[in-house]
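Colleague: What follows is a predicted structure for the sequence shown.
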Amino acid sequence: MNLTSPSQVKAWCIENEFHPNRTMGQNFLIDRNALVAIVDAGLEPVKDIARPRVLEIGPGLGVLTEELLARGCEVTAIEKDPVLAQRLARSLGNPSGLTVIPGDALDHLPDPGSSSFDCMVSNLPYQAGTRILLELVLGRSIGAMTALVQSEVADRLVAREGSKTRGLAGVWAQLDYDVEIVRKVSASCFWPRPEIGSSVVRLVRHGRNADFSEEERDVFHKLTKKAFEHRRKQLGSIFRDMIQSTARAEELSNDDWKNLVKGLMDT
């Protein structure tokens, strides 16, 4: 089956009485150009590795899986839908480089600090995409992650200080990763067609904060979480007797947050 052919994908679903579940974010990528773009972007950071170990979350019918395997990757695919999980390996010819894990990705993410994977390349389910990415960001176990996500999620991840879209996701992601939007992907590139567009976002670990201790990171995450829960308020109002500032959470850069943390821990 040509997984980028809308008619063949629809025919398989009808023949097998499979109904894509919007609650699970099942919007299958059916555009060849978008497929090549996300795999190109995902494998660029690991181009010097002969056989990259790739984590794929939410493989669905296997359009990304098939392309990754064709490029010589070893793929571990985590699929929550039991029907799709059971089908995946068989439909691709039971390739030796594929491991399929049935279940919720949030229950099977790599342990923090492990080196099980060289990169992650995924069309993440809409409903859980942000949470999955943040769990991976906090774990810092994968050096490069490329994902198709809702455009509004991508915009928040790349937002810099002073931006209206600046939020907790961007602050946390940028602490350890350089984040960029590689390209936009139209809603017409998916079936069923989602209501909004998507973007390919890539995160590459930069290592500039390697000297930030685990204790400092813990304070960083607690401080920023509380600040963005009250983002309309000035920091001086949120952290009385701790921080003297008229700035609001989205106005601070990550370096500003780091300096605040270090200042608080030095007092």
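Modeller: Arrived safely, thanks for sending.

Colleague: how much space is there between residue 162 and residue 250?
Modeller: 7 Å (Cβ to Cβ, to the nearest Å). To be clear about C-beta, it is placed using only N, CA and C from the backbone, and glycine gets the same treatment.

Colleague: Counting neighbours, go ahead and name the busier of these two.
Modeller: Using other Cβ atoms under 10 Å, the more surrounded residue of residue 162 and residue 250 is residue 250, with 20 against 11.

Colleague: which ones are touching the more buried one?
Modeller: By Cβ atoms under 8 Å, 6 or more residues apart in numbering, the contact set of residue 250 is 159, 161-164, 166-167, 228, 231.

Colleague: Which of those has the largest number of neighbours?
Modeller: The contacts of residue 250, ranked by neighbours (other Cβ under 10 Å): first place residue 166, 24 neighbours.

Colleague: do you know how far that one is from residue 142?
Modeller: 24 Å.

Colleague: follow-up on the earlier one: could I get the contacts of residue 250 as a markdown table with secondary structure?
Modeller: Below are the contacts of residue 250 laid out as a markdown table (DSSP: H, G, I helix; E, B strand; the rest coil):
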| residue | secondary structure |
| --- | --- |
| 159 | coil |
| 161 | coil |
| 162 | coil |
| 163 | coil |
| 164 | coil |
| 166 | coil |
| 167 | coil |
| 228 | helix |
| 231 | coil |
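
Colleague: I'd like the residues you listed laid out as TSV, including pLDDT and distance to residue 75.
Modeller: TSV is the format used below for the contacts of residue 250 (pLDDT from 0 to 100; distance: Cβ to Cβ, whole Å):
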residue	pLDDT	distance to residue 75
159	98	31
161	97	37
162	95	39
163	95	35
164	93	38
166	96	34
167	95	31
228	96	35
231	90	39
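
Colleague: low-confidence ranges in this structure?
Modeller: By pLDDT under 70, the low-scoring segments of the chain are 267.

Colleague: swap the cut-off to 90 and go again
Modeller: The chain contains residues with pLDDT under 90 at 1, 3, 6, 9-27, 111-115, 125-128, 192, 195-196, 240-245, 263-267.

Colleague: Helix or strand for the residue of it positioned farthest from its centre, just tell me which one.
Modeller: Note on the chain: the largest C-alpha distance from the chain mean falls to residue 241, namely 36.8 Å (Cα atoms, centre = their mean). When secondary structure is defined by DSSP states H and E, residue 241 falls outside every helix and strand.

Colleague: Quick check: the farthest pair among the contacts of residue 250?
Modeller: Spatially, the most separated pair among the contacts of residue 250 is 162 and 228, at 14.5 Å (Cβ to Cβ).

Colleague: How is this structure divided into domains?
Modeller: In terms of domains, the chain is parsed into 6-205, 214-266 (source: automatic domain parsing).

Colleague: ranking the ones you listed by burial, who's on top?
Modeller: Greatest average neighbour count among those goes to domain 6-205 (a mean of 18), per mean count of other Cβ atoms under 10 Å.

Colleague: from the middle of its chain, how far away would that one be?
Modeller: Distance of domain 6-205 from the chain centroid (Cα atoms, centre = their mean, to the nearest Å) equals 7 Å.

Colleague: can you tell me how far the residue lying closest to residue 185 once chain neighbours are set aside sits from residue 69?
Modeller: Spatially, and ignoring its direct neighbours in sequence, residue 185 is nearest to residue 198 (4.4 Å; Cβ to Cβ, 6 or more residues apart in numbering). When distance is defined by Cβ to Cβ, residue 198 is 23 Å away from residue 69.

Colleague: now the strands for this protein?
Modeller: 28-29, 53-57, 74-79, 98-102, 119-123, 144-150, 177-185, 190-191, 198-205 (DSSP state E).

Colleague: Would you mind pulling up the elements that the last one packs against?
Modeller: With contacts taken as 3 or more Cβ pairs under 8 Å, 6 or more residues apart in numbering; DSSP states H and E, strand 198-205 sits against helix 32-43, strand 144-150, helix 151-158, strand 177-185.

Colleague: Fine by me, thanks again.
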